[in-house]
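Engineer: predicted model follows, preceded by the sequence.
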Amino acid sequence: MEGSIVEIYTDGACSGNPGPGGLGIVMKYKEQRKELAYGFRLTTNNRMELIAIIVALESLKKEHLNVVVYSDSKYVIDSINLGWVYGWVKKGFAGKANADLWKRFLIIQKKHHIKFIWVKGHASNKENNRCDELAVAASKNKHLLIDEGYELSQKSKGLNL
C-alpha cells in the first residue's frame, strides 16, 4: 500500500453471549483521530466484532482509500485473510452465522484497498485497548440500538426475546 493510510482499530464486546453488546472504533488519518461507539440491546460478540469493522468502513467519506484494519477477532480476521468468507459466498452462506453482516461487509470492502491485521486483545496495543473501553461502555448505555439481523433471526427460530 502506497500513499496515505487510514488506520482503523475495532473491538466488540458482549455481556453474555448473546446479551447486551457494544462496539468501539478508533480511526486515524494523518493528524486526525475519530472515535465511535455504539451499544446494542441483544447481540453476540462475533456480530459486534464484525459490525465494528463494517461501521468503520461505511463511515469513510471517500472511496478507494488505503486502509489497514486492526482487530483482535480471529473469527473476522481469519474469515477474511484465509478466504473462508469467499467460500461461504459460493455456497450461499448455507448454515453460516451472520450472513447478513458478511453480505454487508462484502459490499463495503470492495470500495477500498484494505489490509486486515490481527492484534492480541487485552494486551499492549493502546488503540485496541481504547476500542475495548469504548465497546464495554457502549454496551452499558441506557438507550441501546437493536441488532435487527440478530433479533429477527432469533424470532424466526421461534425464540422469545
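Structural biologist: The structure has been received and is ready for your questions.
Engineer: burial of residue 99, as a residue count?
Structural biologist: 16 (other C-beta atoms under 10 Å). Every residue, glycine included, has its C-beta placed from N, CA and C.
Engineer: likewise for residue 22?
Structural biologist: If you count neighbours by other C-beta under 10 Å, residue 22 ends up with 28.
Engineer: summarise which helices and strands whichever helix or strand it is part of is packed against.
Structural biologist: Element membership of residue 22 [criterion: DSSP states H and E] is strand 19-29. If you count contacts as 3 or more C-beta pairs under 8 Å, 6 or more residues apart in numbering; DSSP states H and E, strand 19-29 packs onto strand 5-14, strand 32-43, helix 45-58, helix 126-139.
Engineer: output these in a markdown table; the columns should cover distance to residue 146.
Structural biologist: Below are the helices and strands packed on strand 19-29 laid out as a markdown table (distance: least, C-beta to C-beta, whole Å):
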| stretch | distance to residue 146 |
| --- | --- |
| strand 5-14 | 15 |
| strand 32-43 | 6 |
| helix 45-58 | 12 |
| helix 126-139 | 14 |
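Engineer: out of those, which is the most enclosed?
Structural biologist: strand 5-14 (a mean of 25; mean count of other C-beta atoms under 10 Å).
Engineer: just want the angle from that one to strand 32-43.
Structural biologist: Compare the direction of strand 5-14 with that of strand 32-43 by axes from the mean of the first three to the mean of the last three C-alpha atoms, to 10 degrees and you get 30 degrees.
Engineer: which strands and helices sit next to strand 5-14?
Structural biologist: Strand 5-14 packs on strand 19-29, helix 45-58, strand 66-71, helix 126-139, going by 3+ C-beta pairs under 8 Å, 6+ apart.
Engineer: residue 105 and residue 51 touch, don't they?
Structural biologist: No. Between residue 105 and residue 51 there is no contact under C-beta atoms under 8 Å: 9.2 Å.
Engineer: which secondary structure elements does the helix or strand encompassing residue 116 contact?
Structural biologist: Using DSSP H and E, residue 116 maps to strand 113-118. Of the remaining helices and strands, those touching strand 113-118 by 3+ C-beta pairs under 8 Å, 6+ apart are strand 66-71, helix 74-81.
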